[in-house]
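> make a model of this:
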Amino acid sequence: MGAYRLLLAMLVAISHMGVAFAGFNPGVIAVVSFLLISGFVMTSLIERNYNAPEQFQRFYADRVLRLYPQFLLYFVSSCAVIHFLLPGTPQAAALTINNIVTSLPIVPMGFYMFGITIPEILPAAWSLGLEMCFYLLIPFLIVYKVRGIAYALSVAVFMVAALGYINTDVYGYRLLPGVLFIFLCGSYLYRMRARAGMIVAGTAIVAALMFLAIVTGLIPRRPFNAEVTAGIALGVPVVFVLSKLKYHRVDELLGNISYGVFLNHFVVMYVLRAFWPVAYDASMISLVLLLSFALSGISYYFVERPALKLRHALRAGVRNGAGQEPRGETFA
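Sure, this is the predicted structure:
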């Protein structure tokens, strides 16, 4: 899934540069696929390495080692760029000690809509807060076999939000109660059995029907309800097919730089904005992506790879020999 993950990171980046497809936000659709991939990969990781309550702490340490090294690099880089190059901007106003300290644990960034953090330092990182909330919960759902209950409750929250009875953007896209079922669809795709297959297929079909109802006006269009339903309908079959493909080194290479691109494109955009007014035409978008690719390759090699060795050591402590990295590692 490496090439797909890089494509998703690119879609997130270009959405932040104002690109839309037929009026739809491609970044939201991409984030939905990231949630599916996360559910798939975390289920693989837990079942193979951390499948008992006494191993949950190791799982959490594994996830910290996955997310933090590059996050810290690009968060600090963004702070420096904003401080030195963008004084007097909304981004500079977010550079308070309180906001920086609150943002560093990552989880609070997923609750920015309640005023807990100000997301302008690294805006895309709000979804890492959502991801961290999922990490905290998923070992319990798998080991204690309560995914079905969690799935049903989450679908109920999402439907109420998507239909506008509660805030659609917050509860139907950004907070875990309304999107946990999307993570769990990815979870069910791993070693999918008949019942799980029916749940996943049914979810994709209902999402497709809801998307059609939204675009035809039968269901009022609200913030991102069309994109989320489209993301489910498209992402489920794509992740299913890609999960059946054999490992390939080029695919892994592309996947390795995806997380950095997801994080660093705002840093690149801030630097460019500091020197001249930026209009995001095709050439500027290409420049941002190329610089993001280059920075991500460097940060993967020098920052993430050392942490990867520690993660393998954690898995070696759970079973004999170092565990192999699950293909299709996710971040968003």
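> would you list the phi and psi of residue 21?
When read as degrees, to the nearest 10, the backbone of residue 21 gives phi -110, psi 110.
> looking at strand pairing, list the partners for it.
Following DSSP bridges, residue 21 is listed with bridge partners residue 24.
> tell me how far the stretch of helix or strand residue 240 belongs to lies from the chain's centre.
Under the criterion of DSSP states H and E, residue 240 resides in helix 225-242. Remark: helix 225-242 is offset 14 Å from the chain centroid, using C-alpha atoms, centre = their mean, to the nearest Å.
> and stretch 95-111, by the same measure?
The answer for stretch 95-111 is 18 Å, by C-alpha atoms, centre = their mean.
> can you list the buried residues in stretch 174-191?
Under the neighbour-count criterion of 16 or more other C-beta atoms under 10 Å, stretch 174-191 has 174-190 buried. Glycine gets a C-beta too; all of them are placed from N, C-alpha and C.
> who does the helix holding residue 240 touch, helix- and strand-wise?
For helix 225-242, the contact count by 3 or more C-beta pairs under 8 Å, 6 or more residues apart in numbering; DSSP states H and E identifies helix 2-16, helix 26-49, helix 147-162, helix 176-189, helix 194-215 as packing neighbours.
> tabulate the ones you listed (TSV), appending distance to residue 86 and mean pLDDT.
Below are those laid out as TSV (distance: least, C-beta to C-beta, whole Å; pLDDT from 0 to 100):
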stretch	distance to residue 86	mean pLDDT
helix 2-16	16	97
helix 26-49	22	97
helix 147-162	34	98
helix 176-189	32	98
helix 194-215	37	97
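> for the protein, what's the longest helix?
The residue-count maximum for a helix in the chain (DSSP state H) belongs to helix 56-85.
> helices and strands around the next helix or strand after that one, which ones?
Using DSSP H and E, the helix or strand that follows helix 56-85 in sequence is helix 90-93. If you count contacts as 3+ C-beta pairs under 8 Å, 6+ apart, helix 90-93 packs onto helix 56-85.
> what's the angle from the helix it packs on to helix 26-49?
150 degrees (axes from the mean of the first three to the mean of the last three C-alpha atoms, to 10 degrees).
> one step back: what helices or strands is the longest helix of the chain leaning on?
Checking 3+ C-beta pairs under 8 Å, 6+ apart, helix 56-85 ends up next to helix 26-49, helix 90-93, helix 126-143, helix 258-275, helix 282-299, helix 305-318.
> redo that, cut-off 10 Å
Contacts defined by 3 or more C-beta pairs under 10 Å, 6 or more residues apart in numbering; DSSP states H and E place helix 56-85 against helix 26-49, helix 90-93, helix 97-103, helix 126-143, helix 258-275, helix 282-299, helix 305-318.
> any buried residues in the helix holding residue 240, and which?
Those would be 225-236, 239-240, 242, for helix 225-242 by 16+ other C-beta under 10 Å.
> residue 80: which of the residues you listed is nearest?
Among the buried residues of helix 225-242, residue 227 lies closest to residue 80 (C-beta to C-beta), at 32.8 Å.
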